[in-house]
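Novice: Here's a sequence, model it:
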Amino acid sequence: MTNLTQYFKKALPLFAIAVPMLLLDILTKWIVQVNIQEGDSISVITGFFYLSHHRNSGAAFGILANQRILLVLVTIAALIFIFVYSYRYRNSRWVQTALGFVLGGAVGNFIDRLFLGEVVDFLQFGIESKNLFWPTFNVADVSVCIGAGMLIVYLFQFQKRNAN
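Specialist: Residues are numbered from 1 along each chain as shown. A predicted model of the protein is given here:
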């Protein structure tokens with residue numbers, strides 16, 4: 001069996017997480033685009049949680065707004081990083097799973113940037129009475145955060161093991 005075949009067998013968690021997260025992201029963004037006019041909101045939990053159709057031409061929190069080419073290049077670099085580390089840590093299901101979440105989310109937002117020029121965001125939480133809202137986000141963003149959190153946990157555990 002070749003190294004590449006062995007890698008794909010061990011990378012199954014990567015794809016088993018990335019593909020469903022990507023499909024969920026695409027589906028939810030499509031539902032929002034079809035059912036909610038851009039700029040409009042639907043109250044889910046009055047005063048706290050809304051489905052709000054927004055567009056973001058930047059990265060997290062709107063940074064690097066209107067820097068589409070830069071963001072596409074950064075995403076390509078991130079995808080290369082994901083596959084390099086996926087190969088390097090091919091024996092770790094935890095890292096494969098974490099990278100699967102990051103991959104699914106990165107590709108979801110990458111598709112938006114390529115085809116729409118911006119990312120569709122729709123999950124909005126906040127305290128309406130205080131006019132305090134977290135920036136609107138999407139399933140891809142959640143997926144990337146889960147994966148990044150898992151990688152942080154892995155790094156702390158790895159550091160702990162090496163310190164003993």
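
Novice: List the buried residues in stretch 69-83.
Specialist: Taking 16 or more other C-beta atoms under 10 Å as the basis for neighbour counts, the residues of stretch 69-83 that come out buried are 71, 75, 78, 82. Where C-beta positions appear, they are placed from N, C-alpha and C, glycine not excepted.

Novice: Give me the distance between the third one and residue 93.
Specialist: Counting by C-beta to C-beta, to the nearest Å, the gap between residue 78 and residue 93 amounts to 21 Å.

Novice: coming back round to it: taking the buried residues of stretch 69-83 one by one, which sit in helices?
Specialist: 71, 75, 78, 82 (DSSP state H).

Novice: contacting residues around the second one?
Specialist: Under the criterion of C-beta atoms under 8 Å, 6 or more residues apart in numbering, the contact list for residue 75 reads 106, 109, 110, 113.

Novice: ok, how many other residues are close to the last one?
Specialist: Right, the one you point to is residue 113. By the measure other C-beta atoms under 10 Å, the count of residues near residue 113 is 18.

Novice: between the ones in helices among the buried residues of stretch 69-83, which is nearest residue 136?
Specialist: Top of the list for closeness to residue 136, among these and by C-beta to C-beta, is residue 71 at 17.2 Å.

Novice: show me where this protein has helices.
Specialist: 3-10, 12-35, 68-88, 93-116, 139-163.

Novice: Return the most buried member of the ones you listed.
Specialist: Ranked by average neighbour count under the criterion mean count of other C-beta atoms under 10 Å, these are headed by helix 93-116 at a mean of 21.
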